[in-house]
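J.: sequence below, structure please.
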Amino acid sequence: MGLVACAILGLIALTLAKTTVYTLTNRRVAMRIGAALTVTLNIPFTRVASADLSLNRNGTGSIALDLSDDTRLSYIVCWPHVRPWRMGKTQPALRCIPDAERVAALLADAAQARVGMLADPRGLMRPAVMAAE
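T.: Sure, this is the predicted structure:
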């Protein structure tokens, strides 16, 4: 019975790994998670308070996103794409990323660029600090 349970859990893990897509854009992190019922989480950089990188010895790792206080997500809906044992305030996480250090640098650069932009009244984006010409 134990081997059957382990085989079922292994199959579930493989299915989730194959169906999960993390997308990093210049405005947000999009997480498409789930096998049978797919959920897409769009997390704008303006809602991310911080990001924590956890590296493994082989270079893979996880990036947990700490969201601002007014943003709440369900732990059960996001599981297993959450930071473990943080149930009070759910922190969505990009889990088991190959070359996680490089991805964390890309995330930091994209977030810094996005947060450094201000909305123009016409809806256009411009840098918050303009260089002197």
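J.: helices or strands up against whichever strand or helix holds residue 6?
T.: Residue 6 belongs to helix 2-19 when assigned by DSSP states H and E. Helix 2-19 is packed against strand 28-33, with contacts defined by 3 or more CB pairs under 8 Å, 6 or more residues apart in numbering; DSSP states H and E. For glycine as for every other residue, the C-beta is placed from the backbone atoms N, C-alpha and C.
J.: buried ones in the helix or strand just after the strand it packs on, by neighbour count?
T.: With elements assigned by DSSP H and E, the helix or strand that comes after strand 28-33 is strand 39-44. Buried positions in strand 39-44, judged by neighbour count with 16 or more other CB atoms under 10 Å: 41, 43.
J.: mean confidence for the very next helix or strand once past strand 39-44?
T.: Sequence-wise, the next helix or strand downstream of strand 39-44 (DSSP H and E) is strand 48-55. Per-residue pLDDT over strand 48-55 has a mean of 87.
J.: orientation of strand 48-55 relative to strand 28-33 in degrees?
T.: Interaxial angle of strand 48-55 relative to strand 28-33 (axes from the mean of the first three to the mean of the last three CA atoms, to 10 degrees): 60 degrees.
J.: what is strand 48-55 packed up against?
T.: strand 61-67, helix 100-115.
J.: try 10 Å this time
T.: Under the contact definition 3 or more CB pairs under 10 Å, 6 or more residues apart in numbering; DSSP states H and E, strand 48-55 sits against strand 28-33, strand 61-67, strand 93-97, helix 100-115.
J.: what strands line up against that strand, and which way round?
T.: Paired with strand 48-55 in the same sheet, following DSSP bridges, are strand 61-67 (antiparallel).
J.: ok, then the element right after the strand it pairs with?
T.: helix 75-78.
J.: ok, and what's touching that next one?
T.: With contact meaning CB atoms under 10 Å, 6 or more residues apart in numbering, helix 75-78 is reached by 31, 33-34, 37, 39, 41, 82-83, 86-93.
J.: cool, and stretch 97-110?
T.: 22, 24-29, 45, 48, 51-56, 58-63, 65, 94.
J.: can you check stretch 6-22 too?
T.: Stretch 6-22 has contacts (CB under 10 Å, 6+ apart) with 29-36, 38, 40-41, 63, 79-81, 93-97, 103.
J.: this completes my enquiry, with thanks.
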